[in-house]
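[1] sequence and predicted structure, then a few things I'm wondering about:
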Amino acid sequence: MSSTIVLGQLSSFDPDQSIDNISLKQWTNKDGLPSNNTNSVFQDSEGLIWVTSYNGFMIYDGERVDSYDKNRLSFLKNDGFYNIAQGHDGVIYIASNGDGIVKYENGLFSSYKPRGGTVPRSVRRLFIASDSSLYIGSNHEGLFRVMDDSLYKVEGELFGHAMIRSITEDDNHNIWFGTEGGGLNRVGKDGFLHFGLDDGILSNNVLALLYRENKLFMGTAKGLQSMDLGNDLALQEIPILEDHYINTLLVDHRGSLWIGTEAGVARWIPQSAKIEWLYSKHDIDLVRINGLHQDEENQIWMSSNRSGLVQIKGSKVINLSEPELSSTRINMIHESWDGNYYIGTDGNIIDVYDGDKINSLKVQTELHGNGIRDIYHDTDGSIWLATYVGIIHIKEGKERVYSELNGMPANDFRRILKDSKGNFWFCTRSGGLVKFREGKVLQVYSNGNGLESNFVLAVEESANGDIYVGTFSGGLTIIKPNGDCKTHHVSTDDSGLVIFNVDFDSKKSAFVTANSGLLYFDGENLERVKLQSDQRSNTFFDLIIDDYDHMWLTTNLGVLQIQKSNWEEYRAGEVEHLSYFIVDQSSGMNTEECTGATRSTKLSNGHISVPTLGGVVFIDPFSFDRDVYIPKVKIRQMIADDEMINIEEAKIQIGPGTSRYRFDFCVLSFSSPDRNQFKYKLEGYDKGWSAATYEGTVEYTNLSPGDYTIRVMGTNDSHVWNEEGDALTFTVDPFYYETTWFFALCIIIVLSTIFLFFSWRVAFINNQNRELRKVNAELDRFVYSASHEMRSPLSSILGLINVASLDKTPNKEEYLAYIKNSVERLDSLLQDIVDHSKNARTELEITTLDLRQEVEDVIEGLTYSENFPKIEPIVECNGDGLIHSDANRLKIVLNNLITNAYKHHSPDDVSNPFVKVVIDNTEAGIKLTIADNGPGIPLEEQEKVFNMFYRATHKSDGTGLGLYIVKEIITNLKGSIEVHSEVGKGTTFLIELVDLRN
């Protein structure tokens, strides 16, 4: 088997490299796009990527996708958008299907309405001419031009009602436009020209136009052709694209023409007339390509009616894979003295690659699927192989196996080294390190015999002849030419530490790659190297130093390039972490996972070969001259308490009382946007820059009034920092009480207060005296009323005693009954006075009460009262009836109201006499209703029933304090009471009680 492959210097979209040697990245509705049916893609002057679709349009900044449709922009009635153009003044115009043109200026979207006419509702194509005119290609109304904000229709019989699909301009300022069904047209100083089928146009459906170097390229429904504008408008067809439906055209920075078709994307190289097709890659189907755009980093973006948004990047590496190789699982690439590359895989075949073609060399010894772990091509033409069945020596077509059967300490060999003295060193997984020469084992270094572990993966010879040995859990051992051994450890316990490879730098120090990370050995100590965090889990396999002293570190997630300057900064202590650039699938690797625990090789031409699980990757370090593009940094939006702030305004004022401030920003580099990093600083708040972060957002809270400036710097995946970055200044307005004038007013108020204090104090004392006089008067009234109320029963008692002493008849029981009534009345009065005093003086004691039970207890206590047998008690409880309140006070209220209802009832005067208590649980507490159908209270008396010592009727034998105390208690419990009564129909008390636990 043989195949031809050319290695050469790489650059983005190199015409000499295959179109398949590119990398793709896709965005779909799973990544934030509202639809996979996209119509166009465009990068504006700030660096933002705009995408149109039939479900709105989007802005992508590398951090987030913002979507806009009729739900977000109220002036829209439709969601279909075709094309985007940006004027020389920075204004962006978006062609819509049903809403004319959407204009974006100073951070605001609006419906574009020029003077002198109405923009067609359905606009297919927009184009900004060199004179700043805006050309509008409608769907079915022809071509329009806007100049100085005035709209004119470009008149023409052949295209007055045509669908305009493409527009461009030549060096003579002629405007060319293609139509659907109306052919190709030109308007300019020389008048109007039309080209149709009779003029040699392949199709009247001219879908894409591109002008370059006096040639007009036309993509039609029947293929691609060009028109030489300097040679009598001669037409030329590109035959290989005949009958292809071509939607869009693009010339990249290397002069290649990219063609987007229904079936895929093609690249035509005019210099060689070579055409290559790409239909799919990495499971991304490139179908119905209708938009192509090259961004500032020379990456090509494609919009597709099916595959969403696709980014194409030129590969920086060469991949060697199946079918050229016998297997994609590569273990080793060995460059021989004869210039060939010997490639070891998991199979029984050695692939021999001479830089042009590959030949296969079959290994006769059965390897049982474990493959070839290392290769050494000796100067005598023989080949040495490290395998898991032993060391295989192939010479003149014959194979000899060195294993346990003929003196080897193990069969599982991983590494071969031939030192400067001609000795071979073989690493094993279980038998230590073997020193071998001329078919004999000279010495075995093992655990307890020079080494601290029998598991050996790495062996290298230093410039002074020392042998460096890397082990599993046994540290790094150095074997001197005299046989002395010394082992170095990272820590006191290196259990689990696997050293994969050792590589020397020009200073005779060594880099050690291990499962725990990158280590550096300065001749005495092993120390860990702190790499820049990539938020991913990396395992490091090998390190190669190229001809420019840059380092290439192979991992399970790609190859890390560490620049010499970055390493020197790190060693000098100028930075805390060592930064790097990642080479992976985004850089063109077929598979970013390097083969675990294997070596890479620096080739004689300066390139680096890396074994991967997807084949061999060749890296040309020269192609990674990446310190050129400084990415733009932009603050995208500011949100204050969930309100979007227009950051395009000249002065940003944030109202007082705002608590949260969020800033979203981005690095406008799309080579690997997930690796862009930021540093930010809020001047007026932060003392310095933040640490580098991958998060493109920051939030602040409770900023004091004043002026602030948020500054952001950023870097792309190459760690090239844009230190100027972007800045946004804003002002947080104070409350009125935080202003200078308010402080001045406060001083005036304080002085006035001091001035008025004495007058107020005098007035207060006078008022207090008046209040004391009022209280004394009320106390006098209370004492008078109370003494009058107490004197009445006492007078009755004295009178009865006198009458009884004069009466000689034996009526003492009658007199005693009268005296008892008077005493009970006096006792009731005293109890009411005590209750009133307790309510006014004692603190509340909150407990949990069951009001239904309390009501039933009161009713039960009235069982032997006069009216009880005649009156039906009704108790309803709607809820659990529980409340947290003062039990003693509520019992007074319930006893008073329910007792009054029974006591003052006239059960003989009504049918079905009742006393009804209803308990309702409410959100605040309890609603209590106590109703009867007794004689009622006259309307004019109802307002007085809660007054002290007031009796609604002369028939009442109460103290007149009961309802007064009830209202005082309910007020103290933060409740309310109302009375509703009608003479002859009854009385209802409505009480609202608050749950005092709340």
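    Here it is on my side, so go on. Because the structure is a prediction, the values reported are computed rather than measured.
[2] so what's residue 644 up against?
    Shown in contact with residue 644 (C-beta atoms under 8 Å, 6 or more residues apart in numbering): 637, 638. No exception for glycine: its C-beta is placed from N, CA and C like everyone else's.
[3] you'd agree it is in a strand?
    Yes: residue state for residue 644 (DSSP: H, G, I helix; E, B strand; the rest coil) corresponds to a strand.
[4] which residues touch the nearest residue to residue 279 once chain neighbours are set aside?
    Beyond its immediate neighbours in the sequence, the residue positioned closest to residue 279 (C-beta to C-beta, 6 or more residues apart in numbering) is residue 264, lying 3.9 Å away. For residue 264, the contacting residues are 277, 278, 279, 280, 286, 287, 289, by C-beta under 8 Å, 6+ apart.
[5] can we see that at 10 Å?
    The contact partners of residue 264, taken as C-beta atoms under 10 Å, 6 or more residues apart in numbering, are 244, 277, 278, 279, 280, 285, 286, 287, 288, 289.
[6] just the buried ones out of those residues, please.
    By neighbour count, with 16 or more other C-beta atoms under 10 Å, the contacts of residue 264 hold 244, 277, 278, 286, 287, 288, 289 as buried.
[7] for the first one, give its distance to residue 15.
    By that I understand residue 244. With distances taken as C-beta to C-beta, to the nearest Å, residue 244 is found 21 Å from residue 15.
[8] out of the helices and strands in the protein, which is least certain?
    Sorting the helices and strands of the chain by mean pLDDT, DSSP states H and E puts helix 812-841 at the bottom, at a mean of 60.
[9] which residues are contacting the helix or strand that that helix is followed by?
    Sequence-wise, the next helix or strand beyond helix 812-841 is strand 846-850, with elements assigned using DSSP states H and E. The set of residues that contact strand 846-850 without belonging to it, under C-beta under 10 Å, 6+ apart, is 856-857, 877, 880-888, 890-891, 894, 919, 926, 973, 993, 995-997.
[10] could you export strand 846-850 as CSV, CA atoms only?
    Extracted in CSV, the C-alpha atoms of strand 846-850 (Å, rounded to 0.1, in the frame of the first residue of the first chain):
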residue,chain,number,x,y,z
ILE,A,846,-49.6,35.0,74.3
THR,A,847,-50.8,31.4,74.3
THR,A,848,-52.6,29.2,71.8
LEU,A,849,-56.4,29.2,72.3
ASP,A,850,-59.1,27.0,70.9
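[11] who does whichever helix or strand comes after it touch, helix- and strand-wise?
    Later in the chain than strand 846-850, the nearest helix or strand by DSSP H and E is helix 851-861. Packed against helix 851-861, as judged by 3 or more C-beta pairs under 10 Å, 6 or more residues apart in numbering; DSSP states H and E, are the following elements: strand 872-878, strand 882-886, helix 887-903, strand 914-921, strand 925-932.
[12] let's go with 7 Å and repeat that
    Other helices and strands packing on helix 851-861, by 3 or more C-beta pairs under 7 Å, 6 or more residues apart in numbering; DSSP states H and E, are strand 872-878, helix 887-903, strand 914-921.
[13] just the mean pLDDT for the first one, thanks.
    Over the span of strand 872-878, the pLDDT mean works out to 93.
[14] partner strands of that strand, with direction?
    Strand pairing for strand 872-878, using DSSP bridges, gives strand 914-921 (parallel).
[15] want to try a markdown table for the contacts of residue 264, with pLDDT, secondary structure and distance to residue 969 as columns?
    Supplementary listing: the contacts of residue 264 in a markdown table, determined by pLDDT from 0 to 100; DSSP: H, G, I helix; E, B strand; the rest coil; distance: C-beta to C-beta, whole Å:
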| residue | pLDDT | secondary structure | distance to residue 969 |
| --- | --- | --- | --- |
| 244 | 93 | coil | 95 |
| 277 | 92 | strand | 94 |
| 278 | 91 | strand | 90 |
| 279 | 91 | coil | 89 |
| 280 | 89 | strand | 86 |
| 285 | 91 | strand | 82 |
| 286 | 92 | coil | 85 |
| 287 | 92 | coil | 84 |
| 288 | 94 | coil | 83 |
| 289 | 96 | strand | 85 |
